[in-house]
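Novice: sequence unknown, structure follows:
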């Protein structure tokens, strides 16, 4: 699927979800932690959201990440995605370059799942400013090749091939390749529904 089609598909679904939710553009954007003009560009298919932004928007609209990648509800319990079947956004366009990475969905036909695996390729850092993202859930990244710098909250971690990191996605985070070669990672994003802090088993016991 080419990127223009992907942008259009995601934009149309964002627009329908927002209308169904009863939120206006400003309200939906604020709830997802986005500028209203950016959400408008996403809905018009002029730009492509980052994965973390999609997870935030899915939370606001009461759906999950699968909704943006699938065309129909799947009742299957097993999915095989061949190398040539990945849902892919390439880095060659201006939109993808602005995101500073490309991603390939590795299990996009199964719906209502907790884990979302992706293969991410981050182009060499050219000094561009990368905006931190935060969203509900947890993430696991395994470096397949290259080197990557991951800033999480106030800490920076340098990972090389074979290294892995797991973190709470609610912490602001950025990913950047280090050196002249791109970095490739296996990334798994997990939806986690946490109870409010005052609704923990310990609090309920008192």
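Specialist: Sure thing, it's come through. Nothing here was measured: the structure is a model prediction, and the numbers come from that model.

Novice: tell me the domain ranges of this structure?
Specialist: 3-68, 83-190 (automatic domain parsing).

Novice: among the ones you listed, which is nearest residue 77?
Specialist: In terms of CB to CB, the element of those nearest to residue 77 is domain 83-190, at 7.7 Å. For every residue, glycine as well, the C-beta is placed using N, CA and C.

Novice: state the mean pLDDT of that closest one.
Specialist: Domain 83-190 carries an average pLDDT of 84.

Novice: chain center to that domain: distance?
Specialist: 8 Å (CA atoms, centre = their mean, to the nearest Å).

Novice: coming back round to it: would you turn the domains of the chain into TSV with mean neighbour count and distance to residue 77?
Specialist: Formatted as TSV, the domains of the chain follow (neighbours: other CB atoms under 10 Å; distance: least, CB to CB, whole Å):
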stretch	mean neighbour count	distance to residue 77
domain 3-68	18	14
domain 83-190	16	8
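
Novice: residue contacts, the most centrally placed residue in the chain?
Specialist: When CA atoms, centre = their mean is applied to the chain, the residue found nearest the centroid is residue 51 (1.5 Å). By CB atoms under 8 Å, 6 or more residues apart in numbering, the contact list for residue 51 reads 65, 103, 118, 189.

Novice: among the residues you listed, name the ones in strands.
Specialist: Among the contacts of residue 51, the subset assigned to strands under DSSP state E consists of 103, 118, 189.

Novice: surely the first one and residue 117 touch.
Specialist: I take that to be residue 103. No: using CB atoms under 8 Å as the test, residue 103 is too far from residue 117 to be in contact (10.4 Å).

Novice: which residues are common contacts for those two?
Specialist: Common neighbours of residue 103 and residue 117 (criterion: CB under 8 Å, 6+ apart): residue 187.

Novice: show me the strands in the chain, by range?
Specialist: Listed in chain order, the strands of the chain (DSSP E) span 87-89, 102-105, 115-122, 138-145, 148-152, 155-159, 164-168, 173-177, 183-190.

Novice: kindly reformat those strands as JSON lines containing distance to residue 47.
Specialist: Compiled in JSON lines, the strands of the chain are given as follows (distance: least, CB to CB, whole Å):
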{"stretch": "strand 87-89", "distance to residue 47": "12"}
{"stretch": "strand 102-105", "distance to residue 47": "14"}
{"stretch": "strand 115-122", "distance to residue 47": "18"}
{"stretch": "strand 138-145", "distance to residue 47": "22"}
{"stretch": "strand 148-152", "distance to residue 47": "23"}
{"stretch": "strand 155-159", "distance to residue 47": "27"}
{"stretch": "strand 164-168", "distance to residue 47": "26"}
{"stretch": "strand 173-177", "distance to residue 47": "18"}
{"stretch": "strand 183-190", "distance to residue 47": "20"}
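
Novice: can you tell me which of these is nearest to residue 17?
Specialist: Minimum separation from residue 17 across these (CB to CB) falls at strand 115-122, 17.5 Å.

Novice: could you point out the longest helix in this structure?
Specialist: helix 3-21 (DSSP state H).

Novice: tell me what it is packed against?
Specialist: helix 25-32, helix 36-43, helix 51-60, strand 87-89, helix 94-99 (3 or more CB pairs under 8 Å, 6 or more residues apart in numbering; DSSP states H and E).
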